[in-house]
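Peer 1: my questions concern the predicted model and sequence given below.
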Number of protein chains: 2
Amino acid sequence: MGTMENLDHFFKSAFTVDNVIFGFDEGDLKVLLIKRGEEPYEGQWGLPGYFVNENEDLDYAANRVLKQLTGLQNVFLEQVATFGDVNRHPTGRVITVAYFSLIKINQYTIQPSSIANRAAWISIDNVEELAFDHAEILRACFNRLKLLVRTRPVGFELLPRKFTLTELQHLYEAILETDLDKRNFRKKILSMNLLIDLDETQEGVAHRPARLYKFDKEKYDELLAEGFSFELKESRRKMVEHMG
Amino acid sequence: MGTMENLDHFFKSAFTVDNVIFGFDEGDLKVLLIKRGEEPYEGQWGLPGYFVNENEDLDYAANRVLKQLTGLQNVFLEQVATFGDVNRHPTGRVITVAYFSLIKINQYTIQPSSIANRAAWISIDNVEELAFDHAEILRACFNRLKLLVRTRPVGFELLPRKFTLTELQHLYEAILETDLDKRNFRKKILSMNLLIDLDETQEGVAHRPARLYKFDKEKYDELLAEGFSFELKESRRKMVEHMG
DNA sequence: GGGGCTAGTGTGAAATTTACACTAATAAGT
DNA sequence: ACTTATTAGTGTAAATTTCACACTAGCCCC
C-alpha cells in the first residue's frame, strides 16, 4: 500500500476474472468452456472470463462476466486464486482472479454471447489445450473442488434435485478420482442425515430402480449454524470386490 | 480475457501485495506489522505490503516487497486470496494479493525501511485497528493457517530448530484456538515419526527440563513424495484434568 | 529436604474406518 | 413364464483411531 502522491505505481494494466464452472452429467465431471471469438487465442477453447471494470468489485465482476458470456446468473461463485505472471497474457499486463462454481447442468441453458462463439460442457478428462494459462487455472480450481468436497456437502450442487445414491457416489468418485466402496459410502452419507428419502424410485431403467433422495438444505443450515463439520474420509479402495 | 484492440479495458490501476507473516514467541502467535510512514493511513499499523511493478510476477513482488519493508528474505510465501473492492483503497483502484508466511521469529532481525516507520511482532489477540481492509486480510490468512496446520506439519516453521513437545503443543493450541490433551497430543505427534529426539534437555529452567526435538525434514520429504497425508484430528478438550 | 513447577507416561472404552459378497427388483429377450 | 442381464440394496466383524483421564519424575529454589 503506498502513497497516492506517487502515481508511478498506477500503470496501464487490466484485471480479468476467469470462471471455472463445474457440472456433472452422464457420470462425468465437466467444465464449461467457451470457444473464443476474439483475439488473442481466437478459435481456441478457454475459460469464460473477461475484464473487470474500473468501478466494479471483483466478486461482482465475476458474476457479470459469467452472465454475459454464458447467460448463467445467480450462481454461487467462490474465489480461488490469482494468476499474475508478467507474460501470461500475450499483449499486456493482465492479472486474473479465478473463481469457481458448481451448477446443475440441466437446470441452466447456456447462451454464449458474441465474445464466446460457442460454449460447451467438456469432460474434465477430455480437456485439451486451453488459451492463456487457463489449464493451470483449471487445475487449481479442480484441486479446490477436491478439497471442498471432503469438508462440505457440495456434491448436491452438481446433481439434479432428485438423485440416487449411486449417482451421488459416482459424483464423489469423479471428483476425488478414486473408487469408493458402495456399502461404506452409503452408510457414511446416510449417517449424516442430510438426505431426505423421497419414497420414489427411478423410472424407465432396465434394471432394479433406485430410490430417489434429495438434499436436506434446512437440516444442513441448522447443522452449519451449530458449527458442525462434515467429513468424508474413506480412502481409495484397495481391491475390487468379487461379484457373485 | 479480451482483445487488445479494445484498450479501454486497460485503465490506470495498481496492484499491491500484502504479506501476513506469522511468528511464534513467548507462547503467543504473532503477526508482523508495520507502522505506516506514508499516506494514506500514515502512522497506523498495517500489513507490510506495497506496489507490484509493471514487469514483475506477483510471487516475485511479494518477496521483494517483504524484503524492502522488513529486511526479510528467502522466506516461503504462499498466496492466499485477492481483495479488490472498489473502495478498499481511499485514493484509487488498488487490488491487492495477500500472501502469508511462517517464520522463526528469532532467526531474523527485522529492519524496517523508510516506508515503514517501525515494524513489530504483535500478538494476534492484541491486533487493533489496521489500515485499509488489512484486518480482513489478516483474518483470511489466519483461517488459512488454521486449515494448513491440520493437514501439513507447518508448525515447525514457526519454532526454533530445537523445541520441546510442550512448546509444539502450545503452538498448535494458539493456532487452532483450542486446548489439546497433553498425552494424546504427544502420542499423535510422535507416532508420525517426524521428530528427531535430540537427547538433549532444556537448560536454565526452574523445573524439570524437557527433552528437545527437531523436525525430520528428510523423512517428511520422503513421506510427501510417496503421497502421505498428515492429519491432526483431536477436537477441543471438553474437560480440564484434575491436577494431583 | 520440602515446595513449586513442568515433564512425561498408559490404559480402557467408544467411535470410526475398513474389507468384504450375496439377495432383490426390474426390463428385455426368448 | 422363465431366463438373463443389470443395477440396487444390505450387515458384520476386525482393525484402527480417538478420546477421556491422573499420577510419578526431575529439576530449581529456598
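Peer 2: Yep, it's here.
Peer 1: elements contacting the longest helix anywhere in chain A?
Peer 2: Taking DSSP state H as the criterion, chain A has its longest helix at helix A:134-151. Counting contacts by 3 or more Cβ pairs under 8 Å, 6 or more residues apart in numbering or on different chains; DSSP states H and E, helix A:134-151 packs against strand A:11-25, strand A:78-83, strand A:94-102, helix A:165-176. (Glycine included, C-beta is placed from N, CA and C.)
Peer 1: B:Asn184 is nearest to which of those?
Peer 2: helix A:165-176 (28.7 Å; Cβ to Cβ).
Peer 1: who touches the closest one?
Peer 2: Under the criterion Cβ atoms under 8 Å, 6 or more residues apart in numbering or on different chains, residues A:24, A:27-29, A:124, A:145-146, A:149-150, A:155, A:158-159, A:179-180, A:182, A:185-186, A:189, A:210-211, A:213, A:232 lie in contact with helix A:165-176.
Peer 1: now do stretch A:158-169: distance to the chain's middle.
Peer 2: Taking Cα atoms, centre = their mean, to the nearest Å, one finds stretch A:158-169 lying 16 Å from the centre of the chain it belongs to.
Peer 1: and if you look at stretch A:185-197?
Peer 2: 23 Å.
Peer 1: buried residues, it. List them.
Peer 2: By 16 or more other Cβ atoms under 10 Å in any protein chain shown, the buried positions in stretch A:185-197 come out as A:185, A:189, A:192, A:194-195.
Peer 1: give me the below-cutoff pLDDT ranges for chain A.
Peer 2: A:1-8, A:234-244 (pLDDT under 70).
Peer 1: which stretches in it count as helices?
Peer 2: For chain A, helices defined by DSSP H occupy the ranges A:58-70, A:134-151, A:155-158, A:165-176, A:182-191, A:217-225.
Peer 1: ok, back up a step: quick check: which of the helices and strands packed on helix A:134-151 is buried the most?
Peer 2: Ranked by mean neighbour count under mean count of other Cβ atoms under 10 Å in any protein chain shown, the helices and strands packed on helix A:134-151 are led by strand A:94-102, which reaches a mean of 25.
Peer 1: pretty sure A:Gly37 is touching A:Asn117, no?
Peer 2: Yes. A:Gly37 is within contact range of A:Asn117, at 4.1 Å (criterion: Cβ atoms under 8 Å).
Peer 1: would JSON lines of the helices of chain A with distance to B:Asp57 be doable?
Peer 2: Shown next, in JSON lines, are the helices of chain A (distance: least, Cβ to Cβ, whole Å):
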{"stretch": "helix A:58-70", "distance to B:Asp57": "20"}
{"stretch": "helix A:134-151", "distance to B:Asp57": "13"}
{"stretch": "helix A:155-158", "distance to B:Asp57": "34"}
{"stretch": "helix A:165-176", "distance to B:Asp57": "31"}
{"stretch": "helix A:182-191", "distance to B:Asp57": "43"}
{"stretch": "helix A:217-225", "distance to B:Asp57": "38"}
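Peer 1: what does chain A put close to DNA strand D?
Peer 2: A:164-166, A:182-184, A:186-187, A:201, A:205-211, A:243 (Cβ under 7 Å from any atom of the strand).
Peer 1: now, of those residues, which are buried?
Peer 2: Buried among the residues of chain A next to DNA strand D by 16+ other Cβ under 10 Å: A:164-165.
Peer 1: ok, which of the helices of chain A comes nearest B:Leu130?
Peer 2: Of all the helices of chain A, helix A:58-70 sits nearest to B:Leu130, with 20.3 Å by Cβ to Cβ.
Peer 1: contacts for the closest one, please.
Peer 2: With contact meaning Cβ under 8 Å, 6+ apart, helix A:58-70 is reached by A:15, A:17, A:19, A:21, A:32, A:34, A:48-53, A:56, A:72-73, A:75, A:77, A:79, A:97, A:99, A:101, A:110-113, A:115-116, A:119, B:82-85, B:95.
Peer 1: out of those residues, who's near DNA strand C?
Peer 2: Applying Cβ under 7 Å from any atom of the strand to these, none is adjacent to DNA strand C.
Peer 1: just to revisit the earlier point, figure out which of the helices of chain A is closest to DNA strand C.
Peer 2: Closest to DNA strand C of the helices of chain A is helix A:182-191 (Cβ to the nearest atom of the strand; 3.6 Å).
Peer 1: in PDB, could you pull the C-alpha coordinates for that closest one?
Peer 2: Coordinates of each C-alpha in helix A:182-191 appear next as PDB, following Å, rounded to 0.1, in the frame of the first residue of the first chain:
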ATOM      1  CA  LYS A 182     -20.600 -48.900  -2.100                       C
ATOM      2  CA  ARG A 183     -21.700 -50.000   1.300                       C
ATOM      3  CA  ASN A 184     -19.400 -47.800   3.200                       C
ATOM      4  CA  PHE A 185     -20.200 -44.800   1.100                       C
ATOM      5  CA  ARG A 186     -24.000 -45.300   1.700                       C
ATOM      6  CA  LYS A 187     -23.500 -45.900   5.400                       C
ATOM      7  CA  LYS A 188     -21.500 -42.700   5.700                       C
ATOM      8  CA  ILE A 189     -23.700 -40.500   3.700                       C
ATOM      9  CA  LEU A 190     -26.900 -41.700   5.300                       C
ATOM     10  CA  SER A 191     -25.500 -41.400   8.800                       C
END
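Peer 1: elements contacting it?
Peer 2: With contacts defined as 3+ Cβ pairs under 8 Å, 6+ apart, helix A:182-191 has these neighbours: helix A:165-176.
Peer 1: how far away from the center of its chain is the helix it packs on?
Peer 2: On Cα atoms, centre = their mean, the centre of helix A:165-176 falls 14 Å from the chain's centre.
Peer 1: tell me the domain ranges of chain A?
Peer 2: Following automatic domain parsing, one finds the domains of chain A at A:13-151, A:160-225.
Peer 1: correct me, but A:Lys12 touches B:Phe11?
Peer 2: Yes. Counting by Cβ under 8 Å, A:Lys12 touches B:Phe11, with 7.1 Å between them.
Peer 1: quick one: whichever residue of chain A sits closest to DNA strand C from chain B, how far?
Peer 2: Evaluated by Cβ to the nearest atom of the strand, chain A has A:Arg208 as its residue closest to DNA strand C, separated by 2.8 Å. In this structure, A:Arg208 and chain B are 37 Å apart, going by Cβ to the nearest Cβ, to the nearest Å.
Peer 1: on that earlier part again, can you list the domains of chain A in JSON lines and add distance to B:Leu224?
Peer 2: As requested, the domains of chain A are exported to JSON lines (distance: least, Cβ to Cβ, whole Å):
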{"stretch": "domain A:13-151", "distance to B:Leu224": "16"}
{"stretch": "domain A:160-225", "distance to B:Leu224": "19"}
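Peer 1: ok, which of these comes nearest B:Asp133?
Peer 2: domain A:13-151 (12.0 Å).
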